[in-house]
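Student: following is a predicted model, sequence given first.
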Amino acid sequence: MSPFKGQTGLKRILNAAGYSLDGLRAAFAGEAAFRQLVLLNVVLVPLAFWLDVSPVERALMVAVGLLSLIVELFNSAVEAAIDRISLDRHPLSKNAKDMGSAAQFVSLSLIALVWAIILIG
C-alpha cells in the first residue's frame, strides 16, 4: 500500500481538494492547450446560457466543453509521466502521447458535433 494513502475523512478530502487545485494551476501555467480550452469554455458556456435551447441541450453543450478540459488534463498527465520516465524517443512513448492527442481530438469533435446537432437540428 502506498505511504501517501494514510489520510481518511475530512483531512483526506481537504488534501485531495488541494492536490486538485495544484493540478489545475500546473495545467493552466504549463499547458497552452489547457489555457486555450479554458478560453473556449469561457466563450461557449455563457453562449450556451444565452441561446434559446432546452435545459437538457444546454447541459449537453456545457458538459462537452468541460469534458474537453478533463481529457486535456489526462492528456497532459500522460505526457508528463512519459517525459518523467525518459525524454528519449521510443515507439511506446510516441503511441501513448499520440493516443492522448487522439482522445483530445475526439473530445473537440464531440463539441462541434453536439453544438451543430443542437443549433442546426
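Tutor: That came in fine, so what should we check first?

Student: which stretches of the chain have low pLDDT?
Tutor: Flagging of the chain using pLDDT under 70 yields the residue ranges 1-4.

Student: how about a cut-off of 80?
Tutor: 1-8 (pLDDT under 80).

Student: all helices of the protein, in order?
Tutor: In the chain, the helices defined using DSSP state H lie at 9-30, 32-50, 55-85, 91-120.

Student: tell me how far the nearest residue to Leu108 once chain neighbours are set aside lies from Phe34.
Tutor: Distance criterion C-beta to C-beta, 6 or more residues apart in numbering; nearest residue to Leu108, sequence neighbours excluded, is Ser68 at 6.0 Å. Quick note: C-beta positions are derived from backbone N, CA and C, even for glycine. Relative to Phe34, Ser68 is positioned 10 Å away (C-beta to C-beta, to the nearest Å).

Student: these two: who's more crowded?
Tutor: Between Ser68 and Phe34, Ser68 has the larger neighbour count (other C-beta atoms under 10 Å), namely 26 against 20.

Student: does the more buried one touch Gln104 like I think?
Tutor: Yes. Proximity of Ser68 to Gln104 meets the contact threshold set by C-beta atoms under 8 Å, at 7.1 Å.

Student: the residue nearest to Ser93 when sequence neighbours are not counted: neighbour count?
Tutor: Using C-beta to C-beta, 6+ apart and skipping residues adjacent in sequence, the residue nearest Ser93 is Ile82, 4.8 Å away. The tally of other residues near Ile82 (other C-beta under 10 Å) stands at 18.

Student: for Ile82, give its distance to Asp88.
Tutor: Distance from Ile82 to Asp88, counting by C-beta to C-beta: 10 Å.

Student: so what sits against both of those two?
Tutor: Overlap between the contact sets of Ile82 and Asp88, as judged by C-beta atoms under 8 Å, 6 or more residues apart in numbering, is nil.

Student: thinking again about what came up before, just say which of the helices of the chain is most tucked in.
Tutor: Ranked by mean neighbour count, the helices of the chain are led by helix 55-85 with a mean of 16 (mean count of other C-beta atoms under 10 Å).
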